[in-house]
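Chemist: Could you look at this predicted model? Sequence included:
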Amino acid sequence: MSLAYALNIASSASGVLPVLAALYNYKSLDKVLKIAAVFFLVSSLFDWILELTKMWTNNNLPAIHLFTAISIVFFAAIYYHAFFKPVFKTAIIILSAFAMLIVIFNVIFIEGIWEYPSLSITVLSVLLICFSLAYFYQIFNRQEFIHIEKQGLFWINAGVLLYFSINIFLFMLLRKIIAAHQEEGYFMIHIITNIIANILYSVGFLCKPQKTTSYQY
C-alpha cells in the first residue's frame, strides 16, 4: 500500500471524526451545531459513496455536483443562524441563492454534470471564505468577554476557512493539473488539509456551551 493511498483512506475515514464527536456531545449542541452535525454526517456518507463508486463506475462526478449544492444549503443555514445582525442574515440568503444559481447554470450550460465542477466548487469556496471571515469579524468584535476557544462554532469556522482557502486554487485549476500529470502532489495538499479540518470540526463539537448573554452590535 502506497503512502498516497493510505493517506487518501485516512482522509475519507477522518470524515467520521466530526460525526462521532457530535454524537458523543449531542445533548450539549445548540441549534447551529446540530445543523452542522447533520451536514458532516451527509458529508461523511458522500465521502464513502465516492470511494465505493470508483469501483463500480468510470464517472461519479454527478455526486460531486449534488454535494456542492447540498453544501451551499447547509452552510447557508449554519451561518444564517450564527450571525446576529439582520443585514448579515439577508446577505447570506442572497449570496447563497446566487451561488446556487451558478451551480445549476454550470450543470446545464457550462461544464455539464459529467465533468468535474471546478466552477461550482470555486464559487462554493469563495462563498464560504467570505462567510467564515465575516464570522470571525463578528466574534472578535463582540463587546463582551467570552472564551472564543470554548465556542464550538469557532473551531468549525476555522476548519472551513483553512480547508477552502488552501484548496480553492486546486479546485479552480484541477483540470489543468490533471492534464499536466501533476495531480498527486496537489491531491496530497487536499488530503492533509481535509484531515486537519476534520480534526478542527471534531474539537468544535466537543466544546461545552458557555453561558453568555446575546449581544446586538
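Modeler: That came through fine.
Chemist: what's the spacing between the longest helix along the chain and its chain's center?
Modeler: Ranked by residue count and defined by DSSP state H, the top helix of the chain is helix 152-179. Between the centre of helix 152-179 and the centre of its host chain there is 8 Å, according to Cα atoms, centre = their mean, to the nearest Å.
Chemist: I'd like to know which elements the helix or strand just after that helix is packed against.
Modeler: As assigned by DSSP states H and E, the chain's next helix or strand after helix 152-179 is helix 183-206. Judged by 3 or more Cβ pairs under 8 Å, 6 or more residues apart in numbering; DSSP states H and E, helix 183-206 is in contact with helix 3-14, helix 16-24, helix 31-53, helix 152-179. C-beta coordinates here come from the backbone N, C-alpha and C atoms, glycine included.
Chemist: List the buried residues of helix 183-206.
Modeler: Across helix 183-206, burial judged by 16 or more other Cβ atoms under 10 Å covers 186-187, 190-191, 193-206.
Chemist: For that helix, give the mean pLDDT please.
Modeler: Helix 183-206 shows a mean pLDDT of 88.
Chemist: now the angle from it to helix 3-14?
Modeler: 30 degrees (axes from the mean of the first three to the mean of the last three Cα atoms, to 10 degrees).
Chemist: Whichever strand or helix holds residue 126: which residues count as buried?
Modeler: Element membership for residue 126 (DSSP H and E) is helix 118-140. Applying a neighbour-count criterion of 16+ other Cβ under 10 Å, one finds 118-129, 131-132, 134-135, 138 buried in helix 118-140.
Chemist: Repeat that for stretch 86-96.
Modeler: Buried residues in stretch 86-96, counted by 16+ other Cβ under 10 Å: 88, 91-92, 95-96.
Chemist: Sketch out the low-pLDDT regions of this structure for me.
Modeler: Scanning the chain for pLDDT under 70 picks out the ranges 1, 4, 143-145, 178-186, 210-217.
Chemist: Try it again at 50.
Modeler: 213-217 (pLDDT under 50).
Chemist: Spatially nearest residue to the residue most central in space within it, not counting backbone neighbours?
Modeler: Per Cα atoms, centre = their mean, the C-alpha nearest to the average position across the chain is that of residue 160, at 5.3 Å. Distance criterion Cβ to Cβ, 6 or more residues apart in numbering; nearest residue to residue 160, sequence neighbours excluded, is residue 132 at 4.8 Å.
Chemist: which ones are touching that neighbour?
Modeler: For residue 132, the contact set (Cβ atoms under 8 Å, 6 or more residues apart in numbering) comprises 157-158, 160-161, 164.
Chemist: now residue 50
Modeler: Counting by Cβ under 8 Å, 6+ apart, residue 50 touches 60, 63-64.
Chemist: Can you verify my assumption that residue 191 contacts residue 6?
Modeler: No - counting by Cβ atoms under 8 Å, residue 191 stays clear of residue 6, with 10.0 Å between them.
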